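Novice: Sequence isn't available, so here's the structure alone:
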Ligand SMILES: NC(=O)C1=CN([C@@H]2O[C@H](COP(=O)(O)OP(=O)(O)OC[C@H]3O[C@@H](n4cnc5c(N)ncnc54)[C@H](OP(=O)(O)O)[C@@H]3O)[C@@H](O)[C@H]2O)C=CC1
Ligand SMILES: O=C1O[C@H](COP(=O)(O)O)[C@@H](O)[C@H](O)[C@H]1O
């Protein structure tokens with residue numbers, strides 16, 4: 001096969017470039033803009049990838065001048081920029097940043113915004129593309145979209161495009177996600193709608209498809225004939241710092257992380273090969289995985305396959321931590337889980353009988369996200385009587401999503417010496433040593449893609465709704481059934497509740513040690 005017949009090669013050659021545009025950020029004085037969005041744009045500029053004539057307009061309600069706004073963002077950039085802060089670059093980059101004061105529900109504010117965008121167009125000598133970024137609380141999405149439409153800002157002018165980026169959370173259940181999708185659809189076409197899931201922007205998550213489909217080595221073995229079980233762990237060593245308890249206590253681990261990020265990773269691991277790398281071909285395959293999840297309906301099925309837990313007081317990295325219910329802005333009688341472990345089955349030919357174990361939690365011993373593929377053992381002939389030295393004898397492929405990004409393959413080798421003793425060894429690929437430079441932050445990649453019109457790494461409407469449909473059943477069993485499965489506990493700084501270990505032990509498995 002020539003290189004050009006390879007869809008991965010074609011995509012690299014044809015990847016769109018970010019187009020000149022004005023980005024309007026709603027909620028621009030918030031934490032997300034300060035910590036993530038502006039540093040991402042700055043780093044894109046530092047890499048020379050920012051399109052010409054780029055502008056940002058920050059939209060929020062407090063009164064401030066462009067200069068004051070830029071100064072606040074400069075402080076944020078000093079702390080959060082991946083490639084450090086260069087005074088000269090910042091001075092030129094920050095000239096593209098402007099501030100527009102308005103309430104989200106003030107019609108006059110949108111007329112003024114329109115006039116400001118038209119003034120920029122006049123200065124440029126032509127209309128610009130427009131990217132509206134909803135970085136506000138989700139309750140504000142509806143009024144913002146309605147106001148944009150009423151002001152006629154939802155459509156591009158002079159042949160230019162208008163797109164919308166929606167931050168997470170995208171709804172809190174199927175009904176709210178559907179209602180939000182209806183509002184978005186009444187304002188922007190699906191092709192112009194970009195639902196952010198920042199896990200899709202992580203280099204290592206993007207590499208899953210390349211690992212699976214561009215290497216002849218793995219794809220033939222990637223099924224129930226060879227794979228025994230798959231584990232996905234997303235551990236965090238933080239709790240409710242920075243006032244997050246207020247939001248988190250209304251969401252919980254299942255809604256905050258599993259419905260979106262973890263299901264995206266699961267889809268990438270379990271999907272069939274797409275016929276090409278267009279956004280819809282990839283998303284068609286991903287959504288099929290979520291639709292094929294064996295439903296867990298009712299408290300009995302949920303209790304048998306899903307473990308929820310809250311942390312109690314403990315210590316992480318030698319620092320004392322309070323229990324979840326004692327955290328700032330958390331209800332002292334909260335029934336929200338800060339940890340969840342699930343055993344899932346995907347009812348497709350490829351995955352029949354293979355358990356997918358997923359766990360995610362706060363206040364665990366370290367921050368680490370990884371996917372491990374545990375292969376079946378070969379028949380022991382002729383090694384049945386040989387000694388296995390130290391630990392596990394299975395082949396495991398570990399995809400380290402973060403930190404220390406990389407891939408490790410654990411294989412059995414003969415120990416040097418006369419005896420035919422075997423030992424597990426690790427073949428290890430690390431991004432840092434192989435590529436010699438840090439990967440871009442997820443938001444850098446996603447913002448560039450939204451400006452380039454490439455929605456592959458954004459969630460499509462049906463993906464979001466299918467995920468909520470599955471999650472709603474679990475939430476229902478926990479919060480609306482007469483005999484809900486119990487809330488378990490684990491001390492902060494441990495690897496989660498004993499019940500999550502028992503879940504795997506029932507199948508003769510155990511969580512991989514991280
Ligand atoms: N922070 C993070 O790390 C992450 C955040 N997100 C999501 O991003 C979104 C924003 O989060 P975050 O930045 O933390 O939120 P913040 O609470 O820090 O900021 C909220 C912003 O909305 C503005 N605002 C609120 N009400 C109005 C109003 N009536 N009219 C005009 N402006 C208003 C505020 O303006 P003013 O200051 O003028 O009051 C402020 O700019 C949320 O959906 C969140 O879930 C997602 C992932 C990570
Ligand atoms: O979306 C979210 O993600 C973060 C974890 O993101 P990561 O890139 O640091 O792994 C999580 O802390 C937060 O609760 C959740 O809303």
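Specialist: It's in. Just so it is clear, the structure is predicted and the values come from calculations on it, not from any experiment. Ligands and ions are numbered 1, 2, ... in the order given.
Novice: Pull up the residues of the chain that are close to ligand 2.
Specialist: 168, 198, 236, 256-257, 369 (C-beta under 6 Å from any ligand atom). All C-beta atoms are positioned from the backbone trio N, CA, C, and that covers glycine.
Novice: Now with 5 Å, please.
Specialist: Contact residues, the chain versus ligand 2 (C-beta under 5 Å from any ligand atom): residue 256.
Novice: helices and strands of the chain: which one has the lowest mean pLDDT?
Specialist: Ranked by mean pLDDT, DSSP states H and E, the helix or strand of the chain with the weakest confidence is helix 7-14, at a mean of 49.
Novice: what's the helix or strand that it is followed by packed up against?
Specialist: Remark: after helix 7-14, the chain's next helix or strand is strand 21-26, criterion DSSP states H and E. Under the contact criterion of 3 or more C-beta pairs under 8 Å, 6 or more residues apart in numbering; DSSP states H and E, strand 21-26 touches strand 55-60, helix 107-124, strand 129-134, helix 442-452.
Novice: Specify the stretch among the ones you listed that is closest to residue 228.
Specialist: Checking these against residue 228 by C-beta to C-beta gives helix 442-452 as the closest, at 30.8 Å.
Novice: now the closest one against strand 129-134, angle please.
Specialist: 140 degrees (axes from the mean of the first three to the mean of the last three C-alpha atoms, to 10 degrees).
Novice: List the contacts of residue 464.
Specialist: Shown in contact with residue 464 (C-beta atoms under 8 Å, 6 or more residues apart in numbering): 170-171, 177, 181, 195, 260.
Novice: do residue 56 as well
Specialist: With the criterion set at C-beta under 8 Å, 6+ apart, residue 56 makes contact with 22-25, 38, 41, 96-98.
Novice: and the two most separated of those?
Specialist: Applying C-beta to C-beta across those, the maximum distance is between 22 and 38, 14.9 Å.
Novice: who's more crowded, those two?
Specialist: Taking neighbours as other C-beta atoms under 10 Å, residue 22 and residue 38 compare with residue 38 leading, 27 against 23.
Novice: This protein - how does it break down into domains?
Specialist: 20-160, 200-370+460-505 (automatic domain parsing).
Novice: now the ones you listed in CSV, with distance to ligand 1 and mean pLDDT?
Specialist: Listed next are those as CSV, based on distance: least, C-beta to the nearest ligand atom, whole Å; pLDDT from 0 to 100:
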stretch, distance to ligand 1, mean pLDDT
domain 20-160, 2, 96
domain 200-370+460-505, 6, 97
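Novice: what separates residue 351 from residue 190, distance-wise?
Specialist: Using C-beta to C-beta, to the nearest Å, residue 351 is found at 29 Å from residue 190.
Novice: So between the two, which is more surrounded?
Specialist: residue 351 (22 against 13).
Novice: give the contact list for that one.
Specialist: For residue 351, the contact set (C-beta under 8 Å, 6+ apart) comprises 223-224, 270, 292, 345.
Novice: Next, count neighbours for residue 242.
Specialist: Neighbour count for residue 242, taken as other C-beta under 10 Å: 9.
Novice: same thing with residue 479?
Specialist: Neighbours of residue 479 (other C-beta under 10 Å): 11.
Novice: my read: it touches residue 335, true?
Specialist: Yes: taking contacts as C-beta atoms under 8 Å, residue 479 lies within contact range of residue 335: 6.9 Å.
Novice: which stretches of the stretch 101-250 of the chain form helices?
Specialist: 107-124, 141-150, 174-185, 203-213, 245-251 (DSSP state H, counting those that start in this stretch).
Novice: and whichever residue of the stretch 251-400 of the chain sits closest to ligand 2, how many neighbours?
Specialist: The minimum distance from the stretch 251-400 of the chain to ligand 2, using C-beta to the nearest ligand atom, falls at residue 256 (4.8 Å). Residues within reach of residue 256, counting by other C-beta under 10 Å, total 22.
Novice: which residue packs closest to it, ignoring adjacent ones?
Specialist: residue 248 (6.4 Å; C-beta to C-beta, 6 or more residues apart in numbering).
Novice: Could you do residue 152 as well?
Specialist: Of all residues not flanking residue 152 in the chain, residue 114 sits nearest, at 7.2 Å (C-beta to C-beta, 6+ apart).
Novice: Looks to me like residue 373 is in a helix.
Specialist: No: going by DSSP: H, G, I helix; E, B strand; the rest coil, the assignment for residue 373 is strand, not a helix.
Novice: what's the distance between the residue lying closest to it once chain neighbours are set aside and residue 39?
Specialist: Ranked by C-beta to C-beta, 6+ apart and with sequence neighbours excluded, the top spatial neighbour of residue 373 is residue 397, at 4.3 Å. Per C-beta to C-beta, residue 397 is found 33 Å from residue 39.
Novice: How about residue 434?
Specialist: Taking C-beta to C-beta, one finds residue 434 at 25 Å from residue 39.
Novice: what about those two, which has more around it?
Specialist: Shown here are residue 434 and residue 39; by other C-beta under 10 Å, residue 39 has more neighbours (24 against 9).
Novice: Need the contact partners of the helix or strand harbouring that one.
Specialist: Remark: residue 39 resides in helix 38-46, with elements defined by DSSP H and E. Residues from elsewhere that reach helix 38-46, judged by C-beta under 8 Å, 6+ apart: 18, 23, 50, 54, 56, 73, 76-77, 80-83, 85-86, 89-90, 93, 97, 440-441, 443-444, 447-448.
Novice: what's the angle from that helix to strand 21-26?
Specialist: Using the same axes, to 10 degrees: helix 38-46 against strand 21-26 is 170 degrees.
Novice: buried stuff in helix 38-46?
Specialist: Residues 38-46 are the ones in helix 38-46 that count as buried (16 or more other C-beta atoms under 10 Å).
Novice: Spell out the secondary structure type for residue 411.
Specialist: Strictly by three-state DSSP, residue 411 counts as strand.
Novice: circling back to that earlier point, what sits against the residue nearest to residue 152?
Specialist: 151-153.
Novice: With residue 157 instead?
Specialist: Here residue 157 is in contact with 121, 127 (C-beta under 8 Å, 6+ apart).
Novice: make it 7 Å
Specialist: residue 127 (C-beta atoms under 7 Å, 6 or more residues apart in numbering).
Novice: Residue 512 too?
Specialist: 231, 372.
Novice: Find me the pLDDT at it, would you?
Specialist: Residue 512 is assigned 96 on the pLDDT scale.
Novice: Same check on residue 386?
Specialist: For residue 386, the predicted pLDDT is 73.
Novice: so what secondary structure elements neighbour the strand or helix carrying residue 288?
Specialist: Assigned by DSSP H and E, residue 288 falls within helix 279-291. Packing contacts for helix 279-291, counted by 3 or more C-beta pairs under 7 Å, 6 or more residues apart in numbering; DSSP states H and E, involve helix 263-270, helix 461-479.
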